[in-house]
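**Q** Got a predicted model here, sequence first, then my questions.
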Amino acid sequence: MGTNKMIVVVVALGVMLSAFTVDQRQLALKFQLGKIIRSDFEPGLYFKIPFINNVSKFDKRILTLDSRPEEILTGEKKNVLVDYFVKWRIAEVRDFYRTFGGRESDAEARMAQTIKDSLQSELGDRTIREVVSGEREQIMLTVSNNANEKLKAFGIEVVDVRIKQIELPPKVRESVFLRMSAERERIAKEHRAKGKKESKIIRAKADRKRTEMLAEAKRKADEIRGAGDALATETYAKAYTADTDFYAFYRSLIAYRKAFSDKSDILVLEPDSEFFRYFGKAGK
């Protein structure tokens with residue numbers, strides 16, 4: 001019985017040492033005396049020769065490199081801090097192992113340097129305004145494609161590169177802010193000067209139009225007044241020639257009315273003066 005148990009234990013130990021599994025989240029390499037002999041494992045149960053074969057497993061899923069912010073020099077010779085992350089995976093496990101010995105930390109260090117070089121290449125020809133606002137999507141796409149092309153030989157596939165934040169280092173931020181503030185102030189002054197110029201032009205046109213309208217109104221008023229005076233003169237002339245005595249009497253009545261319109265009015269005249277020539281003639 002003791003011998004049988006020993007045999008069972010040895011067999012069980014041999015199975016444990018020789019069997020291994022690969023699940024759907026893993027890539028595996030099988031070695032024989034340090035040499036890679038197989039890498040095309042599908043998920044399932046496999047066997048190896050103990051002490052002759054050994055197996056290394058790697059994560060097959062998409063991994064994330066969340067790097068520290070990198071200082072990148074822009075086309076304006078200003079440094080910016082670029083905070084980004086990379087989505088990547090092991091595409092060819094043999095090349096990955098041969099290059100980095102299977103160490104993800106070494107792979108991420110190489111990846112970070114490659115991404116930094118690509119960012120420098122892209123941002124080095126752009127201004128801060130272009131980097132921050134209008135061209136971020138294009139920059140991320142280009143950096144992702146370039147990094148993927150360079151890292152493919154190491155068994156790495158770069159799935160995506162995303163820029164989380166771009167900001168100026170503290171020592172540069174204030175000087176850039178002051179420069180941008182001065183630029184905005186210059187533009188504001190230009191707009192104000194342009195507005196004042198246009199205001200003066202509009203006001204001058206309005207004053208000229210007003211003067212022209214007043215002159216035209218005065219001209220028309222003078223014409224109307226002149227026509228009225230001419231008509232009145234003509235009417236007076238016709239009335240005078242029709243009955244000179246009556247017209248003279250009528251004019252005297254108007255003069256009397258105006259002269260005696262106020263009870264306090266006093267006139268000192270000779271009784272036989274021309275002004276009173278119609279007084280005293282009523283009984284004659």
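**A** Arrived safely, thanks for sending.

**Q** ok, which stretches of the chain are helices?
**A** When assigned using DSSP state H, the helices of the chain occupy the ranges 2-18, 93-100, 104-123, 128-129, 136-151, 170-242, 244-259.

**Q** Least confident of these, on average?
**A** Lowest mean pLDDT within the helices of the chain: helix 2-18, a mean of 66.

**Q** now the helices of the chain in CSV, with distance to L81 and mean neighbour count?
**A** The way it works is simple: take the backbone N, C-alpha and C, and place the C-beta from them, glycine included. Formatted as CSV, the helices of the chain follow (distance: least, CB to CB, whole Å; neighbours: other CB atoms under 10 Å):
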stretch, distance to L81, mean neighbour count
helix 2-18, 52, 10
helix 93-100, 28, 18
helix 104-123, 11, 18
helix 128-129, 12, 16
helix 136-151, 14, 17
helix 170-242, 9, 10
helix 244-259, 97, 12
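
**Q** The ones you listed: which one's closest to V161?
**A** helix 136-151 (4.2 Å; CB to CB).

**Q** Show me the contact partners of the closest one.
**A** 86, 88, 110-111, 114-115, 118-119, 121-123, 126, 131, 157-163, 166 (CB atoms under 8 Å, 6 or more residues apart in numbering).

**Q** go again using 6 Å as the cut-off
**A** 114-115, 118-119, 122, 158, 160-161, 163 (CB atoms under 6 Å, 6 or more residues apart in numbering).

**Q** can you list those in a markdown table and add distance to G226?
**A** Shown next, in a markdown table, are the contacts of helix 136-151 (distance: CB to CB, whole Å):
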| residue | distance to G226 |
| --- | --- |
| T114 | 96 |
| I115 | 93 |
| S118 | 90 |
| L119 | 87 |
| E122 | 84 |
| V158 | 95 |
| D160 | 90 |
| V161 | 89 |
| I163 | 84 |
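
**Q** and D229, what does it touch?
**A** For D229, the contact set (CB under 6 Å, 6+ apart) is empty.

**Q** how much space between it and E185?
**A** Computed as CB to CB, to the nearest Å, the D229 to E185 distance reads 64 Å.

**Q** Extract the C-alpha trace of stretch 126-146 and format it as CSV.
**A** Taking Å, rounded to 0.1, in the frame of the first residue of the first chain, the C-alpha atoms of stretch 126-146 are listed here in CSV:
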residue,chain,number,x,y,z
ARG,A,126,3.1,74.6,-34.0
THR,A,127,2.3,77.7,-31.8
ILE,A,128,0.8,77.3,-28.3
ARG,A,129,-2.5,78.5,-29.6
GLU,A,130,-2.6,75.8,-32.3
VAL,A,131,-1.5,73.1,-29.8
VAL,A,132,-4.1,74.1,-27.1
SER,A,133,-7.1,74.8,-29.3
GLY,A,134,-7.5,73.8,-32.9
GLU,A,135,-5.2,70.9,-33.8
ARG,A,136,-5.2,68.6,-30.8
GLU,A,137,-7.2,65.8,-32.5
GLN,A,138,-4.8,65.8,-35.5
ILE,A,139,-1.8,65.8,-33.2
MET,A,140,-3.1,62.7,-31.2
LEU,A,141,-3.8,60.8,-34.4
THR,A,142,-0.4,61.5,-35.9
VAL,A,143,1.5,60.7,-32.7
SER,A,144,-0.5,57.4,-32.3
ASN,A,145,0.3,56.4,-35.9
ASN,A,146,4.0,57.3,-35.7
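
**Q** Give me the distance between A188 and F41.
**A** Distance from A188 to F41, counting by CB to CB: 68 Å.

**Q** next one: P69
**A** On the measure of CB to CB, P69 and F41 end up 39 Å apart.

**Q** Looking at these two, which one has more neighbours?
**A** For P69 versus F41, neighbours defined as other CB atoms under 10 Å are more numerous around F41 (18 against 15).

**Q** Wait, the more buried one touches D23, no?
**A** No: F41 is beyond contact range of D23, at 10.2 Å (criterion: CB atoms under 6 Å).
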